[in-house]
Structures are given as C-alpha cells and as structure tokens.
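I would like the atomic coordinates for the input below:
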Amino acid sequence: MRRMILCVLLVCLPIAVHATVLVPIEFRELVTTAPVIVHGRIVDVQAEWIENRRSIETLVTIEASEYLKGDLGERVTIRVPGGQLGRYRTIFVGAPSFQVGDEVVLFLRTADQLVPWIIGLSQGAFRIVADPASGRRMVTAPVLISTPGAAPEPIIRGDVRRRPLDIEAFRAAVRQALGQRAAQ
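As a prediction, this is how the structure comes out:
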C-alpha cells in the first residue's frame, strides 16, 4: 500500500525538466539575422563566475581583422556560456570553446549595451584552419550554403557535402546572402 501511495505521489508531483535544444539555422538566415559578422583572431579567453557562483561564463576577446557586416571596433569581447575556473567547470551543450590564437568568423547579436553573444551557439562560430595539403585557409564544416532562390536545405549530421570551404568562397557566400536580403 505504501509503495502505491508513493508511486501516485511521484506521478502527481510536477517536475521541471530542463533541456538544451538546438534548432539548425540555415546559412542565409544566419547571415541576415546577425547584426555583426566579424572575422578575427582570439586574443584573450577569461572565465568568470556568474549568478552568485552558480555557473561560469567565458569572456572571449577577438581582434577583428575585418567585419563582413556591422562594426564593433578593433577588439570585441563576447560572452560564451560555460567555462572552467580552477576545479570548477560549467558545460553548456552546444556552446563553442575557444583558445587564444584561434582564427574565427563569428555571427554576433547585441542588445542594449550588453556584451555580444554568438547566434545559435556553435552554429554561429566558424573556425579557420590551414589545409595541410595546400596551406590555404579553410572554414571548417560550414552549414550548407544553398544556391540563390533555392529552398533551405536540411542540415544532416555527417553529411559528406559538408566539407571545409575556402575563406574567399565563404566571404562570397556571405556577401551573396546579404545581396539576396537587400534585393527582397
């Protein structure tokens, strides 16, 4: 009898469930919704406590080499959820992590003098690395970039079409998406 009462109580009690759900962003939408698109190099990464030491966020400073959209100055500091301070670590699923020296293109959003953040967490952060064979600078695993006027393409994990893209081709795709938005 006690077990039955306990089971009924457990079923009747409201339980708060927390989860992180990342909805894929189509490339054109990412370009058009971002007020700022910055290409630069990470020069500082500092974790800090927030909410009375309940979690950790990381402040990442980027030295901007160019802005593909908007402008926040020579250096911009962004806030990324999660990080590590000593033996304490907060993990935020889907949030990118950065190291000093990383070359990146970031799609940022700002609001009311707050520190900017990356749109779509990792979806709005693109790393640039040198291709070992050619030495060309490549944007790693960009989201699928569809042709003008085509319907948005689904993003599928492990899709073989998602290959590194030359940085110049990536810039051209951003400009093309911006041009499509302006034409509408």
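
any idea how far the top helix by length along the chain is from the chain center?
Criterion DSSP state H: the longest helix present in the chain is helix 167-183. Relative to the centre of its chain, helix 167-183 is centred 19 Å away, using CA atoms, centre = their mean, to the nearest Å.

The chain: helices as residue ranges?
2-12, 27-33, 167-183.

where among the ones you listed is the average confidence lowest?
When the helices of the chain are compared on mean pLDDT, helix 2-12 scores lowest, with a mean of 63.

buried ones in the longest helix of the chain?
Under the neighbour-count criterion of 16 or more other CB atoms under 10 Å, helix 167-183 has 167, 170-171, 173-174, 176-178 buried. C-beta: built from backbone N, CA, C; applies to glycine.

try stretch 101-121
For stretch 101-121, burial by neighbour count (16+ other CB under 10 Å) applies to 102-110, 116-121.

One more: stretch 30-49?
Quick answer for stretch 30-49 (16+ other CB under 10 Å): 30-32, 34, 36-40, 42, 45, 47.

One more: stretch 59-72?
Applying 16+ other CB under 10 Å to stretch 59-72 flags 60-62, 64, 68-69, 72 as buried.

out of those, who's nearest residue 95?
Among these, residue 60 lies closest to residue 95 (CB to CB), at 10.9 Å.

wait, what's in contact with that closest one?
42, 44-45, 77-80, 98 (CB atoms under 8 Å, 6 or more residues apart in numbering).

Farthest pair within those residues?
Within those, 42 and 79 form the most distant pair, 13.9 Å apart (CB to CB).

rewinding a little: present the buried residues of stretch 30-49 as CSV; the columns should include distance to residue 134.
Formatted as CSV, the buried residues of stretch 30-49 follow (distance: CB to CB, whole Å):
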residue, distance to residue 134
30, 27
31, 26
32, 31
34, 29
36, 30
37, 25
38, 25
39, 20
40, 23
42, 24
45, 29
47, 36
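
Restricted to strands, list those residues.
Counting by DSSP state E, those place 36-40, 42, 45, 47 in strands.
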